[in-house]
Structure formats: structure tokens, C-alpha cells
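Engineer: Whatever this is, show me its structure:
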Amino acid sequence: MSNEQQTGRSVLVTGGNRGIGLAIAKSFLANGDKVAITYRSGDVPEGLLGVKADVTDAASLDAAFTEVEAAHGPVEVVVANAGITRDTLLLRMSEDDFTDVVDTNLGGAFRVIKRASKGMIRLRKGRVVLISSVVGLYGSPGQINYAASKSGLVGMARSLTRELGSRGITANVVAPGFVNTDMTSELPEDTQKSYLASIPAGRFAEPEEVANVVRWIASDEAAYISGAVIPVDGGLGMGH
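Structural biologist: You can find the predicted model right below:
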């Protein structure tokens, strides 16, 4: 495979201005790709094309894609990373707590891949990477909404693989464990300690460790991997 295919691609990462999303965006940028991110608020880091978008709104996403396509060409790699949490135990979980999380994390991924697939089908190539979580298959008390949304991504990637696999398009899931981000650092200290005790690696991941796997699964080297769930969790999930 020539280097031209590996670099200079049009890449879009949703929720890409902080945390894992930002690390993923920077990883593709360092690889020589043209990288755009969607974001809702805050700043856009240098070197990235920022487009405001709400993944719960198809029209807003369509406008964002149109802007990216005009600047960088058709999106060849899409990383559905935007996500929210509304953690609370089942009996206290409201209808809105459930539907908001599912509509953002699962519905958002659906809207993103639907819009991205149009260009990929025309190109007869593409990489779809859905950012799930170890919690999606492992489960977690207080996260019925979040875990359901994240496990749903597995069915989405596998169905997409069956639909578009013959057109040079792969769809995979990357499932991080606990990662050193703002989201994790807000957890109570006792909770963090109990999580650490259950991770064989004995530490949380750095965002870059997740980003490197995402960049690789989107590369030509991984052209024959599709419908896979790749854990980046220090051994926490082990087969879940």
C-alpha cells in the first residue's frame, strides 16, 4: 500500500475538542491527515477544523459534514465519539435521563454514520470507528442508560459491516476502560480507588493510548478487520 492512502485523508471526529476525542483528532493530525471535529462549546485546538454540531439533530450534522467536505473533501474516516452520561440508579432514573443519553450516544452515532456512509459508498472506501466503553459489555451500577447506549454500538457496527463490507468500508468498535480525562477525574476518590483495584494493569489509560488504537484500526493495515470490538482497558473487561 502506498503512503498516499495512509495520509492526507479527510477525517471527522465528533466531540473532538476535549478528552479522548481530542487525543484521537491529534493522533490523525500527527499522521498527516486533514482533521475536522464537531463540538458544542469551548475552543477549537490549533490545526483542527472545528464545526459546531449537535449529534441529536440530523440537519445540524448534515451542515457540519457539508462544511467539512467543502474544506477537506469527502469524509473517509469518521469517529463517532460524542457522548454524555446521566448516571443514577434505575429506580431514580427519569425518562429524560434515559432518552437523552441514548439519543446522544446511540442515536448520535446512527446519524453520523448515516451521513458519512453516503460519501463512503461513492468513494468505495471508508473507516467507521464507534467509541464505546468497557461498561457497554461489562455493565455498571448507575449506568443502565449509558451501558445500553454503548453496547448498542456493537450491533450497529456489525450490521453496518454486513451492509457495506463489500464496498471497502469497515466498521469497528473501540471500547476504552477508565481513561485519565476530566470525566474520570470528577469521580469521587473512593470510586477511583475501587476501579483501580479491578484493573489488572493497575492504572487508568492515557487518552493517547486509546487514540493510537483508533488511528490504527482506521489505517490500511487494518483493512481486513470489521465488526470487531477492541478493548483498550488494561484487562478490566477480559472477554466481556
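
Engineer: In three-state terms, label residue 88 for me.
Structural biologist: coil (DSSP: H, G, I helix; E, B strand; the rest coil).

Engineer: Look at residue 122 and give its secondary structure.
Structural biologist: helix.

Engineer: Would you check that it makes contact with residue 74?
Structural biologist: Yes - using Cβ atoms under 8 Å, residue 122 makes contact with residue 74 at a distance of 6.9 Å. Every C-beta, even on glycine, is put in place using the N, C-alpha and C of the backbone.

Engineer: Neighbour count: these two, which is higher?
Structural biologist: Neighbours around residue 122 and residue 74, counted as other Cβ atoms under 10 Å, are more numerous at residue 74. The numbers are 17 against 11.

Engineer: Confirm that one sits in a helix?
Structural biologist: No - checked against three-state DSSP, residue 74 lies outside a helix; its state is coil.

Engineer: quick one: contacts for the closest residue to it other than its chain neighbours?
Structural biologist: Among residues not flanking residue 74 along the chain, residue 119 sits closest, at 3.6 Å (Cβ to Cβ, 6 or more residues apart in numbering). Each residue near residue 119 by Cβ atoms under 8 Å, 6 or more residues apart in numbering is listed here: 65, 69, 74, 75, 76, 126.

Engineer: Got a PyMOL select line for the buried ones in those residues?
Structural biologist: A single PyMOL command selects the buried members of those (16 or more other Cβ atoms under 10 Å):
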select buried, resi 65+74+75+76+126
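
Engineer: Next, format the contacts of residue 119 as JSON lines and append distance to residue 98 and pLDDT.
Structural biologist: Compiled in JSON lines, those are given as follows (distance: Cβ to Cβ, whole Å; pLDDT from 0 to 100):
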{"residue": "65", "distance to residue 98": "28", "pLDDT": "98"}
{"residue": "69", "distance to residue 98": "34", "pLDDT": "98"}
{"residue": "74", "distance to residue 98": "35", "pLDDT": "98"}
{"residue": "75", "distance to residue 98": "30", "pLDDT": "98"}
{"residue": "76", "distance to residue 98": "34", "pLDDT": "98"}
{"residue": "126", "distance to residue 98": "31", "pLDDT": "98"}
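
Engineer: which strand in the protein runs the most residues?
Structural biologist: Longest strand of the chain, by residue count under DSSP state E: strand 169-176.

Engineer: For that strand, which helices and strands make contact with it?
Structural biologist: helix 108-123, strand 126-131, helix 134-138, helix 144-164, helix 207-217, strand 229-232 (3 or more Cβ pairs under 8 Å, 6 or more residues apart in numbering; DSSP states H and E).

Engineer: Does the residue lying farthest from the centre of the chain belong to a helix, a strand or coil?
Structural biologist: In the chain, counting by Cα atoms, centre = their mean, residue 91 sits farthest out from the average C-alpha position, at 28.9 Å. For residue 91, the assignment made with three-state DSSP gives helix.

Engineer: Check it and give its pLDDT.
Structural biologist: On the pLDDT scale, residue 91 is placed at 98.

Engineer: low-scoring stretches of this structure, by residue?
Structural biologist: 1-7 (pLDDT under 70).

Engineer: now do 80
Structural biologist: For the chain, applying pLDDT under 80 flags the ranges 1-7, 183.
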